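Student: I need the structure of the sequence given here:
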Amino acid sequence: MGRSEHRGGIQLPVTPTTLADVAERAGVSRQTVSNAVNKPDLLRPDTLERVRQTIAELGYSPNRAARNLRTRTSSLIGLRFTPTQEGTANAAMDRFVHSLVEASEEAGYAVLLFAADDEDPVGGYDNLLRSTAVDAFVVTDTYLGNPQATWLTQQRAPFVAFGRPWDDDAARHVWVDVDGAAGTRLATQHLIDRGHTRIAWIGWRKDSPIGEDRRSGWLTTMHDNGLPTTGLASRVEDVVHSGAEAAAVLLDESAPTAFVCASDTLAMGVLHTLWIRQLAPGRDIAVVGFDDSQVAQVYPVGLTSVRQPLEDVAVEIVRTLRQLLSHQPVETRGVLLEPTLAIRESS
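Tutor: Predicted coordinates:
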């Protein structure tokens with residue numbers, strides 16, 4: 001039976017408790033213990049309770065590797081991980097990965113991260129698929145022209161995308177996303193409710209469908225409230241200095257009293273320009289970001305920011321993956337979750 005021994009004052013490694021140890025202690029067959037772990041509905045309640053109590057007492061941990069060998073599964077979910085871009089405040093993906101790991105663990109899965117290779121975007125997927133190292137994938141790169149979702153669909157590999165298939169209306173794969181336009185509508189209406197009428201937008205280049213989706217929320221809310229938008233929008237790269245430069249130009253040419261930004265990175269650029277010009281965020285000029293990054297939370301005055309429900313995204317993705325892997329019908333192809341607004345002193 002699993003135990004540790006002392007010899008000459010040295011504690012030797014603990015021998016793992018086996019299924020046979022549990023069977024002997026509980027006074028049942030090995031098959032009964034196996035059923036208690038894998039098919040508990042086959043056992044009588046009193047027998048199941050006795051075996052489970054023995055498992056807890058002995059600290060028995062079922063051998064996942066052996067079980068996976070029998071079922072030809074790995075209980076692993078593959079995720080291609082891209083490092084955070086230098087010069088940005090965006091750590092949303094780090095928060096999502098942490099949430100995905102937690103949600104997967106609760107469902108009996110583990111997450112296998114593999115490196116991104118821009119020159120061969122499907123190579124890592126192909127290697128893992130050929131070696132049957134993972135049961136399914138989570139795809140996070142859903143930008144225009146990205147081949148991963150199309151390739152995985154062609155291979156009939158189970159996967160769920162975090163992000164809509166922006167450039168493919170015929171795509172049939174399952175996805176979960178956050179409604180970016182709803183988030184910027186919240187941000188813009190919040191500023192309007194605070195009395196602002198000249199609200200500027202700083203967003204990403206036009207070739208970013210995510211950026212354009214977020215911009216649409218600002219635009220429609222301004223128009224719905226009868227407010228002007230001409231000369232109040234700027235499209236730039238998602239780096240701090242671009243946000244700072246755009247803010248300087250907008251302040252000089254259009255005199256906005258508030259900014260809504262497509263990211264916290266751009267919002268930090270706006271705050272930098274305000275600091276140079278000795279303008280107080282929230283008092284002189286209001287600023288709202290997007291992603292509710294750690295930077296937004298620790299900035300001295302606190303940056304108001306749209307918060308994506310990444311924990312809910314992860315739970316929904318894992319729930320859908322379980323349906324796909326158990327060949328259950330998936331109720332809906334796409335799930336769009338609503339963000340919230342974390343209000344702080346900058347607005």
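
Student: make it CA atoms for all contacts and neighbour counts henceforth
Tutor: Noted.

Student: Give the rounded mean pLDDT of the stretch of helix or strand residue 250 belongs to.
Tutor: Residue 250 is part of helix 240-254, with elements assigned from DSSP states H and E. Per-residue pLDDT over helix 240-254 has a mean of 97.

Student: Now do the buried residues in that helix.
Tutor: 240-248, 250-251 (16 or more other Cα atoms under 10 Å).

Student: need the residues you listed in CSV with distance to residue 181, can you?
Tutor: Putting the buried residues of helix 240-254 into CSV (distance: Cα to Cα, whole Å) gives the following:
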residue, distance to residue 181
240, 22
241, 24
242, 22
243, 20
244, 23
245, 24
246, 21
247, 21
248, 25
250, 22
251, 24
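
Student: Which member of these is positioned nearest residue 207?
Tutor: residue 242 (16.6 Å; Cα to Cα).

Student: Can you tell me the SS state at residue 306?
Tutor: Under DSSP: H, G, I helix; E, B strand; the rest coil, residue 306 falls in the strand class.

Student: Out of the buried residues of helix 240-254, the closest to residue 227 would be?
Tutor: residue 250 (16.6 Å).

Student: which residues of the stretch 101-250 of the chain score low on pLDDT?
Tutor: Along the stretch 101-250 of the chain, segments meeting pLDDT under 70 span 116, 142-145, 170.

Student: What segments of it are strands?
Tutor: 110-115, 136-139, 159-162, 174-178, 199-203, 233-235 (DSSP state E, counting those that start in this stretch).

Student: Could you export these as a markdown table, including mean neighbour count?
Tutor: Shown next, in a markdown table, are the strands of the stretch 101-250 of the chain (neighbours: other Cα atoms under 10 Å):
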| stretch | mean neighbour count |
| --- | --- |
| strand 110-115 | 16 |
| strand 136-139 | 22 |
| strand 159-162 | 24 |
| strand 174-178 | 23 |
| strand 199-203 | 27 |
| strand 233-235 | 19 |
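
Student: Of those strands, give the one that comes closest to residue 127.
Tutor: That would be strand 110-115 among those, by Cα to Cα, at 10.5 Å.

Student: Partner strands of the closest one, with direction?
Tutor: Strand 110-115 sits in its sheet next to strand 76-81 (parallel), going by DSSP bridges.

Student: Pull the residues that contact the partner strand.
Tutor: Outside strand 76-81, the residues that touch it by Cα atoms under 8 Å, 6 or more residues apart in numbering are 109-116, 124, 133-140.

Student: how far does that strand sit from the chain's center?
Tutor: Computed by Cα atoms, centre = their mean, to the nearest Å, the separation of strand 76-81 from the middle of its chain amounts to 12 Å.

Student: Any buried residues in it, and which?
Tutor: Buried, per 16+ other Cα under 10 Å, within strand 76-81: 76-81.

Student: Give me the lowest-pLDDT entry from the residues you listed.
Tutor: Pick the lowest pLDDT in the buried residues of strand 76-81 and you get residue 81, at 81.

Student: Can you give me the first-to-last residue distance of stretch 197-205?
Tutor: 25 Å (Cα to Cα, to the nearest Å).
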